[in-house]
Every structure is written in C-alpha cells, then in structure tokens.
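[1] Everything below, folded, please.
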Amino acid sequence: MDLLLLEKTLLGVFFAIVVATVVSKLRGKKFKLPPGPIPVPIFGNWLQVGDDLNHRNLSEYAKKFGNIFLLRMGQRNLVVVSSPDLAKEVLHTQGVEFGSRTRNVVFDIFTGKGQDMVFTVYGEHWRKMRRIMTVPFFTNKVVQQNRHGWEAEAAAVVEDVKKNPEAATNGIVLRRRLQLMMYNNMYRIMFDRRFESEDDPLFVKLKALNGERSRLAQSFEYNYGDFIPILRPFLRGYLKICKEVKQRRLQLFKEYFVDERKKLASTKATSDDGLKCAIDHILEAQEKGEINEDNVLYIVENINVAAIETTVWALEWAIAELINNPKIQEKLRAEIDTTLGPENEVTEPDTHKLPYLEAVIKETLRLKMIVPCLVPHMNLHQAKLGGYDIPAECRIYVNAWWLANDPAHWKKPEEFRPERFLEEESNVEANGNNIKYIPFGVGRRNCPGMLIAMPVLGITLGRLVQNFELLPPPGQSKIDTTENNGQFATRMLNHATIVLKPRYV
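    The predicted structure follows:
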C-alpha cells in the first residue's frame with residue numbers, strides 16, 4: 001500500500017469513526033430512529049448481518065425487531081418495512097418522499113449513475129424517461145400489436161421441443177429455449193428483430209454479455225466496498241471488470257441494433273403508422289433533444305435486464321412448481337382442454353378465459369417473487385415513517401415477499417396452492433390492488449412491465465401444459481427449487497432438466 005493510499009485510508013477511518021459517533025448521539029438525543037441491532041463504529045451492523053440481505057433473512061430480523069427496523073451497514077442506512085400499512089406509506093402515501101432510487105458502486109457503473117429509468121432519482125429526468133418508454137412498451141395497444149408475435153414464438157418453442165428426441169426421454173434444459181423466446185419477444189418490440197436459433201452468433205454474444213452483467217450486479221461479493229468506502233480500493237479489480245462489461249454491452253447495443261435501426265429509418269420512408277418499433281419512438285425523443293444518446297442506450301440496457309431475464313426466471317419457477325405438484329398441472333391442463341378444446345392453441349385473449357391458469361401465475365409470483373424486496377427506494381431528505389425519523393438518503397427495502405407470505409395475512413403461505421386466488425383471495429390481483437400482494441410493486445415506481453409479463457407468461461405456460469406432460473428427469477421425483485438470491489432478484493440456483501412428453505403426435 002503506497003503512502004497516499006495509506007493516508008486516505010487513515011483519513012477514511014477517522015471520518016467513519018466521527019460519523020458513527022455522531023449518528024450514535026443522534027440516535028439517543030435528536031432522532032427517534034427505528035429499532036435494530038446495535039451498530040459498532042465503522043462497520044455498523046455489517047459484521048452481525050453480513051452481505052446477504054435476502055428477503056428471508058430480512059423477514060427473520062423483522063420477527064425480532066418489528067415491522068420497521070434499521071440496519072447500519074458501514075456508512076449506509078437501510079430501513080426495512082415488512083407490514084402492509086408501512087408498505088402503503090412508502091409506496092403510496094409518501095410516494096414522492098420515498099420515490100427516489102438508491103444505487104450502489106456497481107449499479108452506478110451499469111446505469112451511468114442513474115441515466116436510465118429504473119435507477120434514477122425521482123424527478124424530472126425520471127418523469128421524462130417513464131413517459132418516453134411508456135408509449136412504445138407499456139400500453140394495452142402494445143400488447144395487442146405484439147401478441148401474435150408472442151404466440152408465434154411460443155409455438156416455435158413447442159415445435160423445437162417436439163423435434164428434439166431428448167426432450168421426451170432424458171429431458172432438456174428448457175430454460176435455454178425459453179431465453180431465446182424472450183429475447184425474440186422483446187427484440188421484436190424494440191428493434192423489429194429476432195434471432196433464428198440459440199446458435200446465432202450475435203445472440204450468443206449478447207446473451208453472454210447480459211449474463212455477465214447480471215452476475216456482476218447481482219453478486220453480494222462487492223457489498224463490503226459499497227458499505228464501507230475505506231475498503232473500496234480492494235474492489236478495483238471487480239469494478240474494472242464491471243466497466244469493461246458495461247462498455248462492451250453498450251457498444252454492442254449501439255453498433256448492432258440502434259445504429260442499424262437508424263440506417264434503416266434513413267433509407268425507408270415511414271408514415272406515423274410505420275414508426276412502430278420501440279426504438280423509433282425513443283430515437284424521435286433523442287432528435288427532439290428530450291434525451292441524449294447515452295439515455296437511449298441505457299433504456300436498451302434496462303429492457304435487456306428488467307424485462308427478459310425476470311420473465312424467464314418466472315417461467316422457470318412456474319414450470320418447476322407444476323412438475324412438483326402434478327395434480328395442479330393436471331387441473332390446469334383439464335381447464336385448458338375443456339375451455340378451448342384440443343385443436344385450439346392458447347392465445348392472449350384466451351388467457352382471460354382461463355382463471356386457473358391466471359391463478360397458477362399469480363401463485364408463482366407470490367411464493368417465488370422475482371424481485372422480493374422490490375427495487376430499493378430512497379428518501380432524498382429526512383422523513384418520518386411509522387412514527388420514526390428516517391435519515392436522508394436512506395435505502396428503503398419493502399419486503400414484498402414477506403407481505404405475500406406472512407401467515408398473519410395468508411392461509412398456509414408455504415404451500416403452492418393456486419386455488420387461494422379463486423377462493424379466499426379471489427379479489428387480489430397482480431396489479432397491486434391489495435398492498436399485501438405487490439409482485440410488480442405499486443405506486444409511482446411500480447414495474448410497468450407487468451402489462452407484457454402477464455400475457456407472455458400465460459401464453460407460454462398455457463401452450464407448454466397444453467402440448468406436453470411436464471416431468472422431472474429419470475431418477476428424480478422433483479425439481480430442485482433451491483433459491484439463488486441476488487442483490488435484487490431471486491432465481492433458481494440450478495437450471496432444471498425437464499422431460500416434456502408430447503400429448504399429441
């Protein structure tokens with residue numbers, strides 16, 4: 001360690017001790033802070049809690065400290081809320097006060113310090129980005145314009161599986177084909193482009209870079225440097241890799257998709273009706289000076305991460321639960337057969353006629369919520385919550401998974417039981433009409449992608465169950481549903497091998 005770094009480290013330690021002392025005094029005198037474990041200088045609660053702030057661990061702390069508690073992780077304050085009333089306060093009643101986003105050292109790299117929509121602070125830039133993204137991505141008109149494409153992609157999955165003899169015998173890792181399907185669904189909307197196969201060189205390159213971005217961003221490995229700035233020099237190698245991956249991804253988005261679309265638009269006259277892939281709307285906003293080129297690329301980055309992989313993860317969970325609960329799978333198949341008949345493949349309008357299919361999807365998103373603590377919120381200024389003082393720039397976790405799995409509010413929540421959404425919870429919808437079930441969030445910073453995710457999930461699951469008997473591989477009785485928790489999302493630890501026996505030859 002050179003002298004300059006040593007000097008900075010010692011100054012950082014001194015500053016951290018001063019801050020910890022001041023906060024400790026404020027806790028006892030000026031502020032009425034939420035309860036929580038007692039912090040120690042510099043490290044706060046990090047040594048007690050560790051890096052893994054997953055939804056299940058946070059639920060255990062809520063049982064000990066209450067529905068609102070404070071964790072001091074190094075120099076970061078984290079407040080976790082775990083009750084419907086407090087969640088409503090954060091997301092609705094004080095939606096403006098708590099409407100900003102906190103980031104970390106890695107997400108600052110991947111989002112250009114909030115030049116995107118998902119991780120920007122609440123304000124004019126967010127309103128502008130949300131408006132620009134809504135028209136081409138998140139309206140019922142978009143669903144109707146694109147549903148035939150989604151149905152065609154699901155049909156292609158069914159045909160490819162039928163052509164693969166391994167699928168009906170030893171089984172296949174279906175996730176890989178579903179991933180191609182979701183890339184095609186979203187790249188059709190974004191760029192009017194699709195990839196012909198899993199071996200398409202551009203698809204392979206794109207998937208690899210997105211996968212590396214997801215791994216780096218979701219890992220808990222870098223939390224120590226995010227929580228305790230004096231340790232950040234030890235993250236140099238990690239952050240260097242993040243910067244390299246970010247540059248390669250943005251360059252790929254620009255060179256192969258955005259610039260290609262610009263060239264096409266310059267050589268092809270388009271009426272207002274013809275401008276209808278999403279990037280055309282976004283480039284129009286850039287031409288008007290509403291956003292810059294970096295904002296365009298960060299919109300593409302958001303869609304690659306927030307729309308594609310999350311939907312694939314939800315499909316993986318749903319398929320695993322249907323395999324592990326064969327009676328539910330049979331009941332779903334019977335509903336589809338009875339309602340549509342054997343000759344009619346599930347379409348988007350059909351999903352609204354299949355209440356049990358909708359219940360299976362809702363139950364999957366309840367038990368295996370993809371973003372279990374939502375994307376963390378932040379208050380820019382000191383605020384009040386649940387009778388406590390919340391320091392400025394506090395990271396606010398809403399444990400949405402616990403809201404949907406708390407035995408105080410749900411009957412036998414540990415069971416995968418879609419019937420609950422047809423019986424005692426029949427009025428609860430995925431749109432957040434009841435604050436105890438908010439898989440897509442609710443309020444100003446909700447996930448608008450629900451409009452796309454729900455029909456895609458319905459079409460895909462419906463067609464798979466309609467065409468195949470879904471089974472575990474030979475020698476196994478169930479699919480392993482061990483969770484792999486990340487900074488924000490929860491997915492299956494292992495990509496399952498699945499046997500798909502065709503029902504019709």
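[2] Not counting stretch 301-309 itself, show me its contacts.
    Stretch 301-309 has contacts (CB atoms under 8 Å, 6 or more residues apart in numbering) with 110-111, 116-118, 137, 179, 182-183, 186, 190, 206, 210, 213-214, 217, 249-250, 253, 447, 449, 452-453, 489, 491. Glycine gets a C-beta too; all of them are placed from N, C-alpha and C.
[3] ok, now stretch 120-136?
    96, 99-101, 111, 114, 116-117, 142, 189, 277-282, 285, 290-291, 295, 299, 378, 380, 444-445, 448.
[4] Next, the buried residues of that stretch.
    Of all the residues in stretch 120-136, those buried under the rule 16 or more other CB atoms under 10 Å are 120, 122, 125, 126, 128, 129, 130, 132, 133, 136.
[5] that older thread, going through the contacts of stretch 120-136, which ones are buried?
    Among those, the ones that count as buried by 16+ other CB under 10 Å are 99-101, 111, 114, 116-117, 142, 189, 277-282, 285, 291, 295, 299, 378, 380, 444-445, 448.
[6] List the ones among these that fall in helices.
    Here DSSP state H is the test, and the buried ones among the contacts of stretch 120-136 give 142, 189, 278, 279, 280, 281, 282, 285, 295, 299 as lying in helices.
[7] Just name the closest of the residues you listed to residue 51, please.
    Residue 51 lies nearest to residue 299 out of these, by CB to CB, at 30.2 Å.
[8] for the closest one, what are its contacts?
    By CB under 8 Å, 6+ apart, residue 299 lies in contact with 116, 117, 129, 132, 133, 282.
[9] Okay, helices next: where are they in the stretch 201-350 of the chain?
    In the stretch 201-350 of the chain, the helices defined using DSSP state H, counting those that start in this stretch lie at 201-218, 223-227, 236-253, 259-267, 278-287, 293-303, 310-324, 326-340, 348-351.
[10] The stretch 1-150 of the chain too?
    Counting by DSSP H, counting those that start in this stretch, the stretch 1-150 of the chain has helices at residues 3-28, 46-49, 55-65, 84-88, 105-110, 124-137, 140-163.
[11] TSV for those helices, including distance to residue 498 and mean pLDDT?
    Converted to TSV, the helices of the stretch 1-150 of the chain look like this (distance: least, CB to CB, whole Å; pLDDT from 0 to 100):
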stretch	distance to residue 498	mean pLDDT
helix 3-28	50	49
helix 46-49	37	90
helix 55-65	26	96
helix 84-88	35	97
helix 105-110	32	94
helix 124-137	30	93
helix 140-163	10	97
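[12] Of all those helices, which one comes closest to residue 469?
    Among the helices of the stretch 1-150 of the chain, helix 140-163 sits nearest to residue 469 (CB to CB), with 12.0 Å.
[13] What is the neighbour count of the nearest residue to residue 295 once chain neighbours are set aside?
    With CB to CB, 6 or more residues apart in numbering as the criterion, residue 295 has its nearest non-adjacent residue at 5.7 Å, and that residue is residue 115. If you count neighbours by other CB atoms under 10 Å, residue 115 ends up with 19.
[14] which residues touch residue 104?
    By CB under 8 Å, 6+ apart, the contact set of residue 104 is 222, 223, 226, 487.
[15] Residue 395: which of these is nearest?
    The nearest member of the contacts of residue 104 to residue 395, counting by CB to CB, is residue 226 at 10.4 Å.
[16] Find me the pLDDT at the nearest residue to that closest one once chain neighbours are set aside, would you?
    Nearest non-adjacent residue to residue 226, counting by CB to CB, 6+ apart: residue 104, 4.5 Å away. Note for residue 104: predicted pLDDT of 91.
[17] ditto for residue 31
    At residue 31, the model reports a pLDDT of 83.
[18] From residue 73, how far out is it?
    Residue 31 sits 18 Å away from residue 73, going by CB to CB, to the nearest Å.
[19] higher neighbour count, the two?
    Taking neighbours as other CB under 10 Å, residue 31 and residue 73 compare with residue 73 leading, 23 against 15.
[20] That one: what's it in contact with?
    Residue 73 touches 44, 45, 46, 49, 53, 223, 227, counting by CB under 8 Å, 6+ apart.
[21] Select only the buried ones of those in PyMOL?
    Remark: buried members of these, expressed as a PyMOL selection using 16+ other CB under 10 Å:
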select buried, resi 44+45+46+49+53+223+227
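[22] so what's the backbone phi/psi at the residue nearest to residue 295?
    Phi and psi for residue 115, reported as degrees, to the nearest 10, are phi -80, psi 0.
[23] separation between it and residue 255?
    Residue 115 is 19 Å from residue 255, by CB to CB.
[24] do residue 293 as well
    Distance of residue 293 to residue 255, given as CB to CB: 13 Å.
[25] what does residue 276 give?
    23 Å.
[26] higher neighbour count, those two?
    Using other CB under 10 Å, the more surrounded residue of residue 276 and residue 255 is residue 276, with 16 against 10.
[27] For that one, which non-adjacent residue is closest in space?
    Nearest one to residue 276, counting by CB to CB, 6+ apart, is residue 145 at 7.1 Å.
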